[in-house]
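1. dropping a prediction and its sequence here:
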Amino acid sequence: MRKLAVLLAALAVMALQVGTATAESRYGKQKVVYHINYTGGEEDKAYRAALRNIQNHINAVGADNMDIKVVLHGNGVSLLKSAVSNQKLQGDVLGLKAHRVAFNVCNNTLVGRKIDYTKDLFEVFDDDIVPSGVAELSHLQQQGYTYIKP
C-alpha cells in the first residue's frame, strides 16, 4: 500500500512537470501589449477582470517567457486613479509589476484631463509615461508585440 502511494505521488509530480514543459514548448517566448481605454464600471470590475486576464496569461506561459506592457489612455488611466483607494486593484497592479509587467500611461490623457500622475495615480513614475497611448500601441506592434484588448 505504501509503495502504491509513493508511486502515485511520483506520477503526480511527473504529470505536473510534463504540463509545464508542454506549456513552455507550446507557447514559447511572447511579447504582448494589453490595451485599456475604457472605464472600470461598478467596483472597477472591468479593470479587475482585465488584470486577471493578464495574470492568467502569465500563469499559462510563465513570467520568464513574457514581456508584457499595458498601455492606458483615455478612460483607461482611471485604472491607476482608482487603485489609489481600491486595495484590490493595488494588489493586482503590484502583483503584475512583480512579474515585470510595465504599465505605460498616455501623456496626452494626463495633460488633457489635468492629471498629476505623482499625486493622482497609483505607482506611476517618469519612465511609465509615454507621449501618446495610441502611438505607443502602434510602435509596440511594429516591434512584434501581440495586441490584446481584454
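-> Arrived safely, thanks for sending. Numbers count the residues shown, from 1 in each chain.

2. and the strands in this structure, which stretches?
-> For the chain, applying DSSP state E gives strands covering 30-36, 66-72, 102-106, 129-130, 146-148.

3. okay if I get the ones you listed as CSV plus distance to His139, mean pLDDT and mean neighbour count?
-> C-beta here means a position set from N, CA and C on the backbone, and glycine is covered the same way. Converted to CSV, these look like this (distance: least, C-beta to C-beta, whole Å; pLDDT from 0 to 100; neighbours: other C-beta atoms under 10 Å):
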stretch, distance to His139, mean pLDDT, mean neighbour count
strand 30-36, 9, 98, 21
strand 66-72, 10, 98, 22
strand 102-106, 10, 98, 21
strand 129-130, 9, 98, 18
strand 146-148, 12, 98, 13
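
4. could you list the low-pLDDT ranges of the chain?
-> When residues are selected by pLDDT under 70, those of the chain lie in 1-24.

5. centre-most residue in it?
-> Central residue of the chain (C-alpha atoms, centre = their mean): Ile54, 4.2 Å from the mean position.

6. residue contacts, that one?
-> 34, 68, 70, 96, 101, 150 (C-beta atoms under 8 Å, 6 or more residues apart in numbering).

7. end to end, how far does stretch 98-118 reach?
-> By C-alpha to C-alpha, to the nearest Å, the extent of stretch 98-118 from end to end equals 20 Å.
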